[in-house]
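> structure of the sequence below:
(one chain, ligands or ions: 1)
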Amino acid sequence: MRGKVVLNRCMSLDGFIAGPGHSMDWGGGRALADFVAPDDFAAIAAATGAMLVGRRTWDVGAKMEADEPGSVDYPFTGPMFLLTHRPLDPPDPAVTILAGDIGDAVSTALAAAGDKNLEILGADVAAQCMQRGLVEEILVYVLPVLLGDGIHFSAPGVPRTDLEPLSSTRSRDATILRFRVRRASWIS
Ligand SMILES: NC(=O)c1ccc[n+]([C@@H]2O[C@H](COP(=O)([O-])OP(=O)(O)OC[C@H]3O[C@@H](n4cnc5c(N)ncnc54)[C@H](OP(=O)(O)O)[C@@H]3O)[C@@H](O)[C@H]2O)c1
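Presented below is the predicted three-dimensional model:
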């Protein structure tokens, strides 16, 4: 049995997944992990078998880590796939670089996830996946802030998508929402 393709996001209450200039400041200098109950965060990470990450998300994470070591503290150590047209400098042998068709990239990363989930990270990458009907579940950590401006949850070109609510959980200072995507192309 294979895992699911999950779009995993944290989001301000007014629908931004990052602030202006790709800032990931959710308030009080707190990282995502500080808003979510540790057990919930660990359980979601444990259900994850691989990650498919867009290059800008990667670069934002690398800068955060350089500015403040430990600020990107997702407890995941499995296969990591990076979608980019540019090699990493320096190269990272733990990361597989992919480029080209988004369907092929998702298939490759999903196979590596085994019976666990594939997490999709990055607004542009997520939009490509949504456009192709590749996302099966959406998991959102709603954080207690109104950012007012920034990167919207949904990028232009993402089609209307009907969702089935799966769960809504208060987790420390975050609310974790899960939805199943109706008519994802993987599900026939
Ligand atoms: N709140 C959250 O949970 C969360 C999670 C993730 C990201 N974010 C935020 O979202 C923003 C990043 O999203 P984004 O939309 O700007 O970028 P993104 O999706 O992270 O990355 C887009 C880049 O990935 C590369 N790429 C995408 N598809 C490709 C393909 N099929 N083949 C080869 N390369 C491909 C291209 O980079 P090159 O051509 O330059 O190589 C493209 O410009 C940041 O602000 C980040 O902080 C928030």
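
> what parts of this protein come near the ligand?
Listed as neighbours of the ligand in the chain under the rule Cβ under 6 Å from any ligand atom: 9-10, 17-18, 22, 24, 54-57, 60, 83-86, 99-100, 102, 121-125, 128, 151. Just so you know, the C-beta spots here come from the backbone N, C-alpha and C atoms, and that holds for glycine as well.

> partner residues bridging Phe16?
Beta bridges link Phe16 to His152 when assigned by DSSP bridges.

> quick check, Arg56 in a helix?
Yes - judged by DSSP: H, G, I helix; E, B strand; the rest coil, Arg56 forms part of a helix.

> buried set for stretch 11-18?
Within stretch 11-18, the residues scored as buried using 16 or more other Cβ atoms under 10 Å are 11-12, 16-18.

> tell me which of these is nearest to Ser107?
Distance to Ser107 across the buried residues of stretch 11-18 (Cβ to Cβ) is lowest for Ile17, with 24.9 Å.

> pretty sure that closest one contacts Ala155?
No - counting by Cβ atoms under 8 Å, Ile17 stays clear of Ala155, with 9.9 Å between them.

> for this structure, what spans make up the helices?
32-35, 38-46, 55-67, 102-113, 123-131 (DSSP state H).

> so of these, which one's packed in deepest?
Mean neighbours per residue, mean count of other Cβ atoms under 10 Å, is largest over the helices of the chain for helix 123-131, with a mean of 21.

> for it, packing partners?
Applying 3 or more Cβ pairs under 8 Å, 6 or more residues apart in numbering; DSSP states H and E, one finds that helix 123-131 contacts strand 5-12, strand 48-54, helix 55-67, helix 102-113.

> of all those, which lies closest to Ala42?
Across the helices and strands packed on helix 123-131, closest to Ala42 is strand 48-54 (Cβ to Cβ), at 10.7 Å.

> got the angle for the closest one vs helix 123-131?
110 degrees (axes from the mean of the first three to the mean of the last three Cα atoms, to 10 degrees).

> how about low-confidence regions in this structure?
184-188 (pLDDT under 70).

> can you do 90?
Applying pLDDT under 90 to the chain picks out residues 1-2, 24, 28-31, 64-77, 155-159, 183-188.

> before we move on, the earlier item: identify the contacts common to Ile17 and Ala155.
Jointly contacting Ile17 and Ala155 under the rule Cβ atoms under 8 Å, 6 or more residues apart in numbering are Ala123.

> surely Gly114 meets Gly3?
Yes - at 7.0 Å, Gly114 and Gly3 qualify as touching, with contact defined as Cβ under 8 Å.
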